[in-house]
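*Asks:* here are the coordinates; sequence isn't available:
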């Protein structure tokens, strides 16, 4: 059995599963109780009453966090022609057309988000088995397939994140760093919760969000009442 530290056990006692706390209370508890040498991320975890195998119950979308995630996001942009220079000037980390696609096909994956123009998608489709499982494939639904690559890059830099239900019916997102103020973390978390609520599939009846947890990289997850 895995041994737990005194700090971890202490945190578990602060908010037992059978006594959920509010979102604001959980943020306060975690900010005061987690003491690490690095700036931990604070993550929110949803477990939904949906069937991911049914297309009409697939929950996915995008949301722009008002205060960002605190993480440096590396952006790859797949474009041709004049838009290559536009993407570089807008702050993209990696820019290219067929040359960048070829590089990725050989194992280059040092980026967190990918953006592409519609004309590049035919070529980019051959990377589906590489980018798809990693959640990196550009998509019209997430606004990462667009001719306005400058705006798309700006949105990502401002804190735009994608969410998608996994096979275990969960959605897991960062709401920021523990160094953020409580107000900023609460703002980010509230925006995410509203986005998940708005993505409620019409075919899902009854309770949609089964459970909600908040936790940092080095802490147990605290159950949230909502």
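*Replies:* Sure, I can see it. This structure is a prediction, so every number in the text was calculated from the model and none was measured.
*Asks:* CA atoms for contacts and neighbours, from now on please.
*Replies:* Will do.
*Asks:* Mind checking what secondary structure residue 43 has?
*Replies:* strand (DSSP: H, G, I helix; E, B strand; the rest coil).
*Asks:* So what does the nearest residue to it once chain neighbours are set aside have for phi and psi?
*Replies:* Nearest non-adjacent residue to residue 43, counting by C-alpha to C-alpha, 6 or more residues apart in numbering: residue 174, 4.2 Å away. Main-chain torsions, residue 174, degrees, to the nearest 10: phi -90, psi 140.
*Asks:* Equivalent analysis for residue 25, please.
*Replies:* Main-chain torsions, residue 25, degrees, to the nearest 10: phi -60, psi -40.
*Asks:* This structure: strands as residue ranges?
*Replies:* Counting by DSSP state E, one finds strands in the chain at the ranges 41-48, 60-64, 75-78, 94-96, 113-116, 160-164, 170-177, 209-216, 222-223.
*Asks:* With mean pLDDT as new columns, can those be given to me in TSV?
*Replies:* Shown next, in TSV, are those (pLDDT from 0 to 100):
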stretch	mean pLDDT
strand 41-48	95
strand 60-64	91
strand 75-78	97
strand 94-96	97
strand 113-116	96
strand 160-164	90
strand 170-177	94
strand 209-216	94
strand 222-223	94
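*Asks:* Can you redo these as a markdown table, where the extra columns are distance to residue 106 and mean neighbour count?
*Replies:* Formatted as a markdown table, those follow (distance: least, C-alpha to C-alpha, whole Å; neighbours: other C-alpha atoms under 10 Å):
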| stretch | distance to residue 106 | mean neighbour count |
| --- | --- | --- |
| strand 41-48 | 31 | 21 |
| strand 60-64 | 29 | 18 |
| strand 75-78 | 15 | 26 |
| strand 94-96 | 15 | 20 |
| strand 113-116 | 16 | 26 |
| strand 160-164 | 26 | 19 |
| strand 170-177 | 29 | 22 |
| strand 209-216 | 34 | 20 |
| strand 222-223 | 41 | 26 |
